[in-house]
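Asker: starting from these lines, generate the structure:
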Amino acid sequence: MKKVSLFLPIIVSLVLQSCGSLKNAKNTEEVFWVSGIKTECSAGAGKMNCLNIYKGNNIADATWEFFYAPIEGFTFEEGMLQKIKVRVERLNAKDVPADASSLMYTFIEKIESHVDIRTYLAGEWNVTSLYNKEFNETTNAPSLTIDLNKNRVSGNDSCNNYTGQISNVTSQSLKIKTVATTRRMCFIMDVANSYNKALGEINTYLIKGNNLIFFNKEGKKIVSFTKSAKKELEVSLGGNWIATRIEGAPINRMVKTPRINISLDEMILSGNNGCNNYTAQINKISESKIVIGQIAATQKMCRDMQVGADYLKMLQSSVSFKVKGDSLKFYNKEGIETISFLKVVK
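Answerer: I've put the predicted structure just below:
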């Protein structure tokens, strides 16, 4: 009995130490990078925007992975790479809700942060050169939209619309796979074919201001883009307009006045020429230049068809524009005014 009494304090001490060790074993610390981009991911029954993390040391060539769990106390900063330290606690299974992580993450400190260069890729771009062939502002050049949230690219190859998946993107490289296009046949397919070939060869990139340059595996420049001004233009150019002059002459008040709606989100012009409804694709647009696709109109017969015919003819010939407040003017390739509009204020 005395022997048991002598060993009891030792046994209790060992048990307590063991429990303490088990408790501490449940808590660890981790250090990893958090991307400046959240990407769409599948979680449970639906989709959500997930953090992306990288646990390696070569951040310039990082392979990112989804991070589904929340990090208590951490603030995501869009466009910023953050290297952070977190505490990781393993929860008891009985305390974990269904479909939830058994690990709880708590933010400890930010070790370093800097700009996530990849975010400069996001947005809409217009081709300026393709395999050393230069494109001017009036050329129907291919376009590219990069959506980093969905890891997707889309655009128009000068003939067909296309979409593709981004398989990997780092601060220096971008890989595109599974490009699908519509099947429309155009009179000239050379540009479209060359552009689709270039998409498959893209390996690395360089961003200089509003210019984006892609290179192949050999480091040869294959295609260059300039940033689209669509978002800024949507504010001033988008919406409904009513025509006031055609070829510099006021419109006869006795006829129905032509109207136009400009949607840069859909890249479509539509409206009524005073008799028939019409629509046309905007193939390309910049701060002052526009390329209008073939205009299609209904074939209704009206008493006065001349104004409508002149209007569509002038609209089709327009290649540039100027917006000043509530005034919009289109011009042909000689710089002569084709149509003048006033903004329709609701």
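Asker: contacts and neighbour counts: CA atoms only from here.
Answerer: Will do.
Asker: where do the helices sit along this structure?
Answerer: All helices of the chain, identified by DSSP state H, fall at 2-25, 190-201, 230-237, 306-316.
Asker: could you identify which of the ones you listed has the lowest mean pLDDT?
Answerer: Mean pLDDT is lowest for helix 2-25 out of the helices of the chain, coming in at a mean of 48.
Asker: residues contacting Glu337?
Answerer: Counting by Cα atoms under 8 Å, 6 or more residues apart in numbering, Glu337 touches 247-248, 329-331.
Asker: so can I have a markdown table of the residues you listed showing pLDDT?
Answerer: Putting the contacts of Glu337 into a markdown table (pLDDT from 0 to 100) gives the following:
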| residue | pLDDT |
| --- | --- |
| Glu247 | 94 |
| Gly248 | 93 |
| Lys329 | 97 |
| Phe330 | 97 |
| Tyr331 | 96 |
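Asker: and of those, the nearest to Val344?
Answerer: Proximity to Val344 was ranked across the contacts of Glu337 by Cα to Cα; first place goes to Lys329, at 14.4 Å.
Asker: any idea how far the closest residue to that closest one other than its chain neighbours lies from Trp241?
Answerer: Distances taken as Cα to Cα, 6 or more residues apart in numbering put Ser340 closest to Lys329, at 4.4 Å, once the chain neighbours are dropped. Using Cα to Cα, to the nearest Å, we find Ser340 at a distance of 9 Å from Trp241.
Asker: quick one: low-confidence ranges for the stretch 101-250 of the chain?
Answerer: Applying pLDDT under 70 to the stretch 101-250 of the chain flags residues 137-139, 230-232.
Asker: how about the strands in it?
Answerer: Secondary structure of the stretch 101-250 of the chain (DSSP state E, counting those that start in this stretch): strands located at 103-115, 123-130, 133-134, 143-147, 152-156, 161-169, 174-181, 204-208, 211-215, 221-227, 239-246, 249-250.
Asker: make TSV from those and add distance to Ala296 and mean neighbour count to it.
Answerer: Formatted as TSV, these follow (distance: least, Cα to Cα, whole Å; neighbours: other Cα atoms under 10 Å):
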stretch	distance to Ala296	mean neighbour count
strand 103-115	46	16
strand 123-130	25	22
strand 133-134	30	12
strand 143-147	23	21
strand 152-156	20	20
strand 161-169	19	17
strand 174-181	23	16
strand 204-208	39	16
strand 211-215	34	20
strand 221-227	29	22
strand 239-246	19	20
strand 249-250	24	12
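Asker: make TSV out of these and add distance to Lys55.
Answerer: Converted to TSV, the strands of the stretch 101-250 of the chain look like this (distance: least, Cα to Cα, whole Å):
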stretch	distance to Lys55
strand 103-115	14
strand 123-130	28
strand 133-134	42
strand 143-147	24
strand 152-156	24
strand 161-169	16
strand 174-181	20
strand 204-208	23
strand 211-215	28
strand 221-227	32
strand 239-246	48
strand 249-250	68
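Asker: out of those strands, flag the one nearest Tyr195.
Answerer: With Cα to Cα as the measure, strand 123-130 is the member of the strands of the stretch 101-250 of the chain nearest Tyr195 (7.0 Å).
Asker: and that closest one, how far from the chain's centre?
Answerer: Relative to its chain's centre, strand 123-130 lies at 13 Å (Cα atoms, centre = their mean, to the nearest Å).
Asker: list the pairing partners of it within its sheet, with orientation.
Answerer: Paired strands of strand 123-130, with direction, are strand 133-134 (antiparallel), strand 143-147 (antiparallel), strand 221-227 (antiparallel) (DSSP bridges).
Asker: Tyr131: how many residues sit nearby?
Answerer: A count of nearby residues for Tyr131, using other Cα atoms under 10 Å, gives 13.
Asker: backbone phi and psi for it, please?
Answerer: Backbone torsions of Tyr131, given as degrees, to the nearest 10, read phi 50, psi 50.
Asker: and it, what does it touch?
Answerer: Shown in contact with Tyr131 (Cα under 8 Å, 6+ apart): 221-223.
Asker: tell me the one of those nearest Asn140?
Answerer: Using Cα to Cα, Val223 comes nearest to Asn140 of the contacts of Tyr131, at 15.2 Å.
Asker: got a markdown table for the contacts of Glu337, with neighbour count too?
Answerer: Listed next are the contacts of Glu337 as a markdown table, based on neighbours: other Cα atoms under 10 Å:
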| residue | neighbour count |
| --- | --- |
| Glu247 | 16 |
| Gly248 | 12 |
| Lys329 | 19 |
| Phe330 | 25 |
| Tyr331 | 22 |
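Asker: out of those residues, who's nearest Ala280?
Answerer: Phe330 (15.3 Å).
Asker: ok, that closest one - contacts?
Answerer: Neighbouring residues of Phe330 by Cα under 8 Å, 6+ apart: 315, 318-322, 337-340.
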